[in-house]
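Visitor: sharing a sequence plus its predicted fold:
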Amino acid sequence: MSLFASVVNVTELWETVAAAFVASIAVAFVASLGIWGATKYVDYSQEGRGVTAALALGVGVFGLVSTMAIIAFGLFVMVSK
């Protein structure tokens, strides 16, 4: 068992797994916001609800920008280590 413990640092392994889980949930959530905002923008603009369509578009843009920011941050972290 000590050979396994010297090869694999279990604490760092679990930290990596937890960080990957949290990051995947965050990316899925903000990407979903982008998709939701875009589809609701189309729906609301076809119904003639301009203010609501603009708010939905804002949510969609926020989701898109947040998704790109999370991906850029992940790339930055991978490159810097």
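Guide: Yep, it's here.
Visitor: what's the single longest helix found in the chain packed up against?
Guide: Ordering each helix of the chain by length in residues (DSSP state H) puts helix 10-47 first. Packing contacts for helix 10-47, counted by 3 or more Cβ pairs under 8 Å, 6 or more residues apart in numbering; DSSP states H and E, involve helix 50-80. C-beta here means a position set from N, CA and C on the backbone, and glycine is covered the same way.
Visitor: which parts of the helix it packs on are buried?
Guide: Ala53, Ala56, Leu57, Val59, Gly60, Gly63, Leu64, Ser66, Thr67, Ile70 (16 or more other Cβ atoms under 10 Å).
Visitor: run the angle between that helix and helix 10-47 for me.
Guide: 160 degrees (axes from the mean of the first three to the mean of the last three Cα atoms, to 10 degrees).
Visitor: pull stretch 31-38 out as CSV, backbone CA atoms only.
Guide: Output in CSV follows, covering the C-alpha atoms of stretch 31-38 (Å, rounded to 0.1, in the frame of the first residue of the first chain):
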residue,chain,number,x,y,z
ALA,A,31,-24.0,27.4,-22.0
SER,A,32,-27.6,26.5,-21.3
LEU,A,33,-28.3,30.2,-20.4
GLY,A,34,-26.9,31.2,-23.8
ILE,A,35,-29.1,28.7,-25.6
TRP,A,36,-32.1,29.7,-23.6
GLY,A,37,-31.6,33.4,-24.2
ALA,A,38,-31.2,32.9,-27.9
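Visitor: give me the nearest residue to the residue nearest to the spatial centre of the chain, chain neighbours excluded.
Guide: Residue closest to the average C-alpha location in the chain (Cα atoms, centre = their mean): Val27, at 1.7 Å. Here the nearest residue to Val27 in space, its sequence neighbours aside, is Ile70; by Cβ to Cβ, 6 or more residues apart in numbering that works out to 5.5 Å.
Visitor: got it, and Val61?
Guide: Nearest one to Val61, counting by Cβ to Cβ, 6+ apart, is Gly37 at 7.0 Å.
Visitor: give me the pLDDT value at that neighbour.
Guide: In this model, Gly37 is scored at 96, pLDDT.
Visitor: so what's it up against?
Guide: With contacts defined as Cβ atoms under 8 Å, 6 or more residues apart in numbering, Gly37 is in contact with Ala56, Leu57, Gly58, Val59, Gly60, Val61, Phe62, Gly63.
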